[in-house]
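Asks: pasting the structure only:
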């Protein structure tokens, strides 16, 4: 487990379960935002925005959990 997997706060050890710390950790939070951005980029591409290429989407998907 890395520091990014769990939520960091002085009171976490006393009041938060392991599952709760992971749920609010940076890995989960940033991964969720990146998945939302990918969904947005896919929708924009479907609507015809030429700036969103297949290569860009592939690269975004490959790095979604690389924090």
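Replies: Cool, got the structure. Computed from a prediction, not measured in an experiment: that's the story for all the values here.

Asks: For the spatially most central residue of the chain, list the residues it contacts.
Replies: When Cα atoms, centre = their mean is applied to the chain, the residue found nearest the centroid is residue 31 (1.1 Å). By Cβ atoms under 8 Å, 6 or more residues apart in numbering, residue 31 lies in contact with 64-65, 67. All C-beta atoms are positioned from the backbone trio N, CA, C, and that covers glycine.

Asks: just the helices in the protein please.
Replies: With helices called from DSSP state H, the chain shows them at 12-15, 18-23, 26-46, 54-62.

Asks: and those helices as CSV, adding mean pLDDT?
Replies: CSV is the format used below for the helices of the chain (pLDDT from 0 to 100):
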stretch, mean pLDDT
helix 12-15, 63
helix 18-23, 72
helix 26-46, 92
helix 54-62, 94
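
Asks: which residues sit in contact with residue 44?
Replies: Counting by Cβ under 8 Å, 6+ apart, residue 44 touches 51-52.

Asks: now with 6 Å?
Replies: By Cβ atoms under 6 Å, 6 or more residues apart in numbering, the residues touching residue 44 are residue 52.

Asks: swap in residue 28?
Replies: Neighbours of residue 28 in contact, by Cβ under 6 Å, 6+ apart: none.
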